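>>> would you be able to build a 3D model of this:
(3 chains)
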Amino acid sequence: MQDRKSLFLMTPALAWLTAFMVVPCLLILTLAFFRRGVYGGIEYTFTLENLRLVIDPLYAWIFLKSAWIAGLAALIASVIGYAAAFAIAALPRRNQPLVLFFAILPFWSNYLVRTYAWIVLLNREGLIVGLARGLGYEGELPAMLYTETAVVIGLVYNYLPFVILACYAPLSRLNPEIAEASSDLGASGWTTFRRVILPMSFTGLATGFVFVFVLSIGNFVTPALLGGGQFQMVGNLVYAQFLTANDWPFGAAISMVLIAVMMLFLTLQTFVAERGSGGGLR
Amino acid sequence: MSAFLSVQDLEKRFGTQRAVDGVSLDIRQGEFFALLGASGSGKTTLLRMLAGFEAPSSGRVLLDGQDITALAPNRRPVNLMFQSYALFPHMTVAKNIAYGLEMERLARGEIAARVDEMLAKVQLAHLAGRKPDQLSGGQRQRVALARALVKRPKLLLLDEPLGALDKKLRSEMQLELKRIQHEFGITFIVVTHDQEEALVMADRIAILKDGSLLQCGTPREVYEQPLNRFAAEFIGVMNFIPLIRNGDSLTTMTGAPISTVAPVPNDVQLVAAVRPERLEIGPLRLDTSASESARPDNRLTGTITALAYHGLDLQLHIATDAAPIIARLTADQAESRDLGPGKTVTLSWKAADTKLFPA
Amino acid sequence: MKAPASLTLTILVLVFAFLYIPISVLVGLSFNAGGMPTAWTGFSLKWYGSLFQNQDILRAAWNTLIVALVSTFFATLLGTLLAIGVEIRRRRGRMIETLIFAPMVIPDIVLAIALLSFFSLTDFRLGLHTVILSHVVFNLAFVCAVVRARLRVFDWSVAEASADLGASMLVTLWRVMLPVLAPAIIAGALLAFTLSVDEFIIAFFTAGSSRASITLPMQIYSMIRFGITPEINVLAVLVMVFSLVTLTLAQRFNRGSLTGP
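Okay, the predicted model is just below:
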């Protein structure tokens, strides 16, 4: 009886999700196995050519490059985010929610705006160049905007609040007496951190890392805006196949590989989370 | 006898587990009935089946001759007072009480009149405009009761009605519930894990364990004539003494004879059971010259290990070589004796006060 | 956990500087008098004025408002019912959980191209209505998540009490569940509204090529690609302030459970 009511309540939303999420995603999966039509349409004959093309060195290189940039951004964001979460968790308990709120706040402002802010800072007449000139530096400054570095900075900046939130959760639940027990048993501060605190909060760190990686590798806005036109990541490749090159089957094939890579990482993260949720948390 | 509420072979399975395992009960109109059991005994599941929130796996429920087994909760002339009270947090006290009447589509004037009448009866008229979070625990309990009673149900179910109250308020409310039940003449079924509560309030008690009914009877019956070891242990305090049987004669593990008037069960392993207040405490007497007629039926010797006052009563913990024993004396009785930890005393009781159970 | 207070303070100052300096510079420059978007020449509100003369921006803002309002309405309705439906079930269906969770983890670009392919192959005309259909997908997932969080601490016996007192399921939903859940539903709706106003990628792919269906984030994107102008600074600040106000409101309604662990 309860389950019939439940079905009645869930049906409209589940129907919507099926129509506008499940079916379109399945469509992408099938598109990847069709041939590109002569004038950009789709020819409905089965082929594995699109998937073969993805591992062609030209495109495989873009995948590797994207993974490198996403990995770098995830690593830097994780280190900074963990340190920030650790610092917040060390504050007096009643101040923590407010500080956390302000650490997350930028995450809720527009992504484009946050990315644009870095264009303003990094461009040739931007604040950083202005600051260097103001300090009396007259020499040639390296270009900062439209570089790989700019893309990494942009990704770290955009996703940092997420890592802070993910790391704060286990750190705030950590019973302070556990750390005290460790030092009582003779461990130094660093040993306590390495042997006790880090293992117990590793889940949050892993979650943060994986999400930044997954969100970055498929990103096309940040590379397009901060990397300049010539800089390509997987997201831009997909974008191009659908909106300019008009090769939907190939675009679908790239997306499929992209989804596979993301799924792999998300599964890994679930695995870590399930292993790591041990006792000792409040 | 025509039962007002008849529960017939009711069973509830969750997967392979039987939460309620073939319970049959007959309850009379106007009765105050208690379902007593530990957590996991199935008492709450049984109550929820009576209210209509759980569908029985098998069995039937008849109320006033009508089969209500498959009736939805909102169509039963039965109301439930929830353990958490489940007051609507966004409605005032008066709105909470009026809700059930509005569902019956009564005229506005009649609803207002009945709500006012009910508020007066539970002494909440001055709080009619308050929201539940502005009330004390005891006041919330009375709102929950009023909300259920105002519908004039044929049967009122109460799930641990006093569980959320502190101890002093609880004993007041036990009598208050009894008074209200009497005044309204509605049949009450109370679920509780507190045997004292059941003994004080109920006309009859049903003891549940692992989904099965162990015993059903008046408080006096279940206290004086427990049908099995669990019932004996669950209601009040009971001393158990392991026995050895030699043909028809019974002795303790150390050979002291135990006499009883109860029929001896066929089981190999037996225990004798005796209530603490049935024990006589006397000084240690080594002479056995007392005349045969004055000798008590049963006698054990032991050393007092601890004393504890329970109100005016004194509870003695005594180590004997047959079993640890608890005895209960009134303060007056204790006064005249020289009792203290380490003292050796004799315990004696009548054969009629000895029950026998399979171990 | 004991860490030197000076160390924690240093970390926090550095992190907050990193998080807030770029945004603050943007806010500062939006009041710049000069035409150069990055060099300070004095205080002025003139670019705020000129923004409200820009017909393209005004139309994009209007489009965004329509998309956000309509998609929030449907998402709130469907998401709330979904949340209640999922939480009254005894068993947790793994499939259903995955289905509900998916819109929040599927990368925007994947959902965007999937929807574009779907709409094109089924001969849907692209426009604001397709953006709305698409936004409801992730918005309903977020509303559902917020309402479910509230339902987990909800005393279900309150709903049972309503049934026990004679109310049908719909009456219980309307007179008991909705009033009790109202703060969470409002918070979820505000969150959905913010997400929809800010959403760029899915709108970009599903809005079609007509200039009439450009949303504000799409407008901002094309302006940024075109070059830096003082007007973008102003627009960026307004968009940011808008999301922050809405989010703070949502936080109020939900007593902090949006960021709370």
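>>> nearest spatial neighbour of the closest residue to chain C within the stretch 251-359 of chain B, skipping sequence neighbours?
Closest to chain C within the stretch 251-359 of chain B is B:His310: 35.1 Å, counting by CB to the nearest CB. In short, each C-beta sits where N, CA and C put it, glycine included. Once flanking residues are discounted, B:His310 sits nearest to B:Arg328: 8.0 Å by CB to CB, 6 or more residues apart in numbering or on different chains.
>>> number of nearby residues for that neighbour?
18 (other CB atoms under 10 Å in any protein chain shown).
>>> elements contacting the helix or strand hosting it?
Per DSSP states H and E: B:Arg328 is located in strand B:324-330. Under the contact definition 3 or more CB pairs under 8 Å, 6 or more residues apart in numbering or on different chains; DSSP states H and E, strand B:324-330 sits against strand B:239-246, strand B:298-310, strand B:313-320.
>>> the first one pairs with which strands?
Strand B:239-246 has these partner strands in its sheet, going by DSSP bridges: strand B:249-252 (antiparallel), strand B:270-274 (antiparallel).
>>> ok, the longest one next?
For strand B:298-310, the pairing partners within the sheet under DSSP bridges are strand B:313-320 (antiparallel), strand B:344-349 (antiparallel).
>>> kindly report the residues of chain B close to chain A.
For chain B, the residues in contact with chain A (CB under 8 Å from any CB of the partner chain) are B:Ala55, B:Ala72.
>>> quick revisit: what comes up buried for the strand holding B:Arg328?
B:Ile325, B:Ile326, B:Ala327, B:Arg328, B:Leu329 (16 or more other CB atoms under 10 Å in any protein chain shown).
>>> chain neighbours aside, what residue packs nearest to C:His135?
C:Ser71 (3.8 Å).
>>> so how far is the helix or strand hosting A:Leu171 from its chain's centroid?
In the assignment (DSSP H and E), A:Leu171 maps to helix A:148-173. Chain-centre distance of helix A:148-173: 9 Å, with CA atoms, centre = their mean, to the nearest Å.
>>> quick one: mean pLDDT over that helix.
The pLDDT scores in helix A:148-173 average 92.
>>> and that helix, what does it pack against?
helix A:57-89, helix A:96-104, helix A:111-122, helix A:198-217, helix A:221-226, helix C:5-29.
>>> what's the burial count for the closest residue to B:Phe82 other than its chain neighbours?
Nearest residue to B:Phe82 in three dimensions, chain neighbours excluded: C:Ser157, at 4.3 Å (CB to CB, 6+ apart). Close neighbours of C:Ser157, defined as other CB under 10 Å, add up to 18.
>>> residues contacting C:Ser157?
Contacts of C:Ser157 were listed using CB atoms under 8 Å, 6 or more residues apart in numbering or on different chains, and they are B:Phe82, B:Gln83, B:Ser84, B:Ala86.
>>> which two in the residues you listed are spaced the farthest apart?
Spatially, the most separated pair among the contacts of C:Ser157 is B:Gln83 and B:Ala86, at 8.4 Å (CB to CB).
>>> those two - which one has more neighbours?
The neighbour count for B:Gln83 versus B:Ala86, taken as other CB under 10 Å, is higher for B:Ala86 (25 against 18).
>>> contact partners for the closest residue to A:Asn158 other than its chain neighbours?
Leaving aside its chain neighbours, A:Asn158 sits nearest to A:Arg114 (5.6 Å; criterion: CB to CB, 6+ apart). Counting by CB under 8 Å, 6+ apart, A:Arg114 makes contact with A:Pro106, A:Tyr157, A:Asn158, C:Pro22, C:Ile23.
>>> hmm, back to that, thought B:His317 was touching the residue nearest to B:His310, still the case?
No - counting by CB atoms under 8 Å, B:Arg328 does not reach B:His317; the two are 10.8 Å apart.
>>> chain B contacts on the stretch 51-200 of chain C?
Taking CB under 8 Å from any CB as the measure of proximity, the stretch 51-200 of chain C contacts chain B at C:155, C:157-158, C:160-168, C:171, C:175-176, C:179-180.
>>> what is the burial count for C:Phe101?
13.
>>> state the three-state secondary structure for whichever residue of the stretch 51-200 of chain B sits closest to chain A.
The stretch 51-200 of chain B approaches chain A most closely through B:Ala55 (6.6 Å), counting by CB to the nearest CB. Put simply, B:Ala55 is coil when judged by DSSP: H, G, I helix; E, B strand; the rest coil.
>>> neighbours around it, how many?
B:Ala55, neighbours per other CB under 10 Å, totals 13.
>>> and what of B:Thr187?
With other CB under 10 Å as criterion, B:Thr187 counts 23.
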